[in-house]
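S.K.: predicted model, plus sequence, below.
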Amino acid sequence: MYTKDLFFISLCHTLPYKAKETKLFHVSDWKYCSAKSRVGRWRRTKRSSGNKCVSSVTSAAVQVGILGASGYTGAELLRILAKHPHVQVKVITAERSAGKSYGEVFGQFQYKNSHNSIPETLMDVSSLLENSKLLNSLQVLFCCLPHGTSQAYIAQVPSNIRIIDLSADFRLQEPNTYQKWYGKEHKAVELQKEAVYGLVEVHRASIRNAHLVANPGCYPTAAQLALVPLLKHRLIDANDIVIDAKSGVSGAGRALKETSLFCEVHEGIHAYGVGSHRHIPEIEQGLAEACGHSVVVNFTPHLIPMSRGILESIYVRLSSGVGIAEVRKCLQDTYANEHFVSLLREGIVPQTRFVKGTNHCLLNVFQDRISNRIILFSAIDNLVKGASGQAVQNMNLLCGFPEETALQDVALFP
Ligand SMILES: NC(=O)C1=CN([C@@H]2O[C@H](COP(=O)(O)OP(=O)(O)OC[C@H]3O[C@@H](n4cnc5c(N)ncnc54)[C@H](OP(=O)(O)O)[C@@H]3O)[C@@H](O)[C@H]2O)C=CC1
Ligand SMILES: CC(=O)N[C@@H](CCC(=O)OP(=O)(O)O)C(=O)O
């Protein structure tokens, strides 16, 4: 059977990704679908997308600022917010690119009518913080600055503005843990205490009322979504977890670094931060919370010559008397009503290309050949579910919008 003979019934993007049981029909079966239902689907599509490629902003749009809009996560935020029907991006900032127009920094933002209007020029953060009128006109501030930089700026933001920080600055609850892994004292310890960890599928209730959301790190997102439910239900041994992680190069950010030079990345793969990566305490903090006692994991990240994507292969020991079927059932039940996390059908290995450009995390579990062990796989796009997509999911939650608003893309493939 050839692809041209097939019609994928979920072409319409209003159909949630969760519809995993959607079948491919032969084109000749199409006539048996009622014309009425086809019209109904079309009408819904037109209404939800305003018959244009993007939705228009409602009059009562949430006013948003983005610190660090000239970086990778900033650009990804603007790409996503461009199709958000209830958001107006009012301010964007940069450091080296301050004063430039956004289209000059990112050519993809020069197209006419392809996005909600965005501010023409990148301003510097200090000018924004000094302009109290402009600052106070914002309701939500995304902070896409390097870790260590965010905390001092965020401490100056008025408390009526809700902040979503994409850096690592507010993820660790213990100031001592932060100092140990980041090598410096935290400059906003009080704020660190009140920050809520923004892994929506785990902390949804507390995020809703948060003033400051600490958006999770990319590697910790993929690891925790696979492991937290299993630890909560005591299905795996908390002291025998090996996380073998691979990331695309955009994870390192846009600033020029030796480690992300083309000649030193392409056609090669290497581990880094072995036994010392700063995401170790973040992963351990989340897993300890899930099982109620401290956890020590083996976490080894690798850099892969691709632009985006994270795949984690996670090797664990089952608790005594537990089988793989219980693990599958636990993941299936936990994520049955979650829009962005899915357990794939048995035997299908999650791939980064299945999630490229999307806010989805795909999971699966396989029996290891070594008895009583299983292998979990978790795939995300580091810039979307691992950063800006998750940040928008958090904003949707804070603002009372449906969580999946502006996040319903299907992966760009191939
Ligand atoms: N990339 C990823 O996959 C992920 C990143 N994160 C985290 O999100 C944050 C942003 O990451 P990413 O977008 O990749 O980083 P980039 O390096 O691509 O961008 C950083 C941004 O911050 C600005 N900036 C840098 N230094 C300063 C400063 N001292 N004062 C004000 N602005 C400054 C830069 O401006 P300019 O370029 O104009 O100098 C740029 O806009 C980081 O904390 C990162 O660790 C989290 C999850 C995943
Ligand atoms: C490939 C690569 O370099 N990845 C980054 C992680 C990106 C991320 O999530 O960083 P934050 O914790 O600062 O948000 C790293 O290993 O440091």
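M.R.: Perfect, thanks for sending it. Ligands and ions are numbered 1, 2, ... in the order given.

S.K.: ok, Gly248 - contacts?
M.R.: By CB atoms under 8 Å, 6 or more residues apart in numbering, Gly248 lies in contact with Ile304, Met306, Ser307, Arg308, Gly309, Ile310, Thr352, Asn382. C-beta: built from backbone N, CA, C; applies to glycine.

S.K.: ugh, wrong one, I meant Ala406
M.R.: Ala406 touches Ile80, Leu81, Lys83, His84, Pro85, Val87, Val392, Asn396, counting by CB under 8 Å, 6+ apart.

S.K.: the fifth one: neighbouring residues, count only.
M.R.: It refers to Pro85. By other CB atoms under 10 Å, the residues close to Pro85 number 17.

S.K.: what's the spacing between it and ligand 2?
M.R.: With distances taken as CB to the nearest ligand atom, to the nearest Å, Pro85 is found 28 Å from ligand 2.

S.K.: same deal with the fourth one?
M.R.: Between His84 and ligand 2 the distance, using CB to the nearest ligand atom, works out to 22 Å.

S.K.: can you start the count at 29 instead of 1 from here on
M.R.: Shifting the count to begin at 29 puts that one at His112.

S.K.: could you count how many residues lie near that residue?
M.R.: His112 has 25 nearby residues by other CB under 10 Å.

S.K.: phi, psi of it?
M.R.: Note on His112: its backbone torsions stand at phi -90, psi 120 [degrees, to the nearest 10].

S.K.: go on, the second one?
M.R.: Geometry field for Leu109 lists phi and psi as phi -70, psi -20, criterion degrees, to the nearest 10.

S.K.: from what I see, it and Val420 are in contact.
M.R.: Yes - using CB atoms under 8 Å, Leu109 is in contact with Val420, at 6.8 Å.

S.K.: secondary structure and distance to Glu366 for the contacts of Gly276 - can I get that in TSV?
M.R.: Formatted as TSV, the contacts of Gly276 follow (DSSP: H, G, I helix; E, B strand; the rest coil; distance: CB to CB, whole Å):
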residue	secondary structure	distance to Glu366
Ile332	coil	27
Met334	coil	26
Ser335	coil	26
Arg336	coil	22
Gly337	coil	20
Ile338	strand	18
Thr380	helix	20
Asn410	coil	19
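
S.K.: same for ligand 1: which of those residues are within range?
M.R.: Among the contacts of Gly276, the ones lying near ligand 1 by CB under 6 Å from any ligand atom are Asn410.

S.K.: I'd say Val241 and Leu194 touch.
M.R.: No - with contact defined as CB under 8 Å, Val241 does not count as touching Leu194 (9.6 Å).

S.K.: so between those two, which is more surrounded?
M.R.: Leu194 (32 against 28).

S.K.: low-confidence regions, the stretch 79-228 of the chain specifically.
M.R.: The model of the stretch 79-228 of the chain has pLDDT under 70 over residues 79-87, 140-144.

S.K.: at 80 instead, please
M.R.: Applying pLDDT under 80 to the stretch 79-228 of the chain flags the ranges 79-87, 139-145.

S.K.: strands of that one, start to end?
M.R.: Per DSSP state E, counting those that start in this stretch, the stretch 79-228 of the chain carries strands over the ranges 90-95, 115-120, 168-171, 190-193, 224-225.

S.K.: possible to save those strands as CSV with distance to His321 and mean neighbour count?
M.R.: Converted to CSV, the strands of the stretch 79-228 of the chain look like this (distance: least, CB to CB, whole Å; neighbours: other CB atoms under 10 Å):
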stretch, distance to His321, mean neighbour count
strand 90-95, 37, 26
strand 115-120, 41, 24
strand 168-171, 32, 26
strand 190-193, 28, 25
strand 224-225, 18, 22
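
S.K.: which one of these lies nearest to ligand 2?
M.R.: Nearest to ligand 2, of all these, is strand 190-193, at 9.4 Å by CB to the nearest ligand atom.

S.K.: when you scan the top strand by length along the chain, is anything in it near ligand 1?
M.R.: Counting by DSSP state E, the longest strand found in the chain is strand 264-275. No - against ligand 1, strand 264-275 shows no contacts by CB under 6 Å from any ligand atom, the least distance being 7.6 Å.

S.K.: spell out which residues of the stretch 29-178 of the chain are next to ligand 1.
M.R.: With CB under 6 Å from any ligand atom as the criterion, the stretch 29-178 of the chain comes near ligand 1 at residues 96-102, 122-125, 153, 172-175, 177.

S.K.: closest point of the stretch 179-328 of the chain to ligand 2, which residue?
M.R.: Proximity of the stretch 179-328 of the chain to ligand 2 (CB to the nearest ligand atom) peaks at Gly279, 2.9 Å away.

S.K.: quick one: that residue and Ile338 touch, right?
M.R.: Yes - assessed by CB under 8 Å, Gly279 is found in contact with Ile338 at 7.3 Å.

S.K.: who touches both of the two?
M.R.: With CB under 8 Å, 6+ apart, Gly279 and Ile338 have common neighbours Cys246, Asn410, Gly414.

S.K.: give the contact list for the first one.
M.R.: Taking CB under 8 Å, 6+ apart as the criterion, Cys246 is in contact with Ser275, Gly279, Ile338, Ile408, Asn410, Gly414, Ala415.

S.K.: can you pull the phi/psi pair for Ser234?
M.R.: phi -80, psi -20.

S.K.: beta partners of the nearest residue to it once chain neighbours are set aside?
M.R.: Nearest non-adjacent residue to Ser234, counting by CB to CB, 6 or more residues apart in numbering: Val224, 4.9 Å away. Beta-bridge partners for Val224, by DSSP bridges, are Val241.

S.K.: how much space separates Val224 from Ile192?
M.R.: According to CB to CB, to the nearest Å, Val224 and Ile192 sit 10 Å apart.

S.K.: so for the two, which residues contact both of them?
M.R.: Between them, Val224 and Ile192 share these contacting residues under CB under 8 Å, 6+ apart: Val241.

S.K.: please enumerate the helices of this structure.
M.R.: 63-77, 100-109, 130-133, 153-158, 160-164, 178-182, 203-210, 217-222, 228-236, 246-260, 290-293, 307-319, 352-363, 417-427 (DSSP state H).
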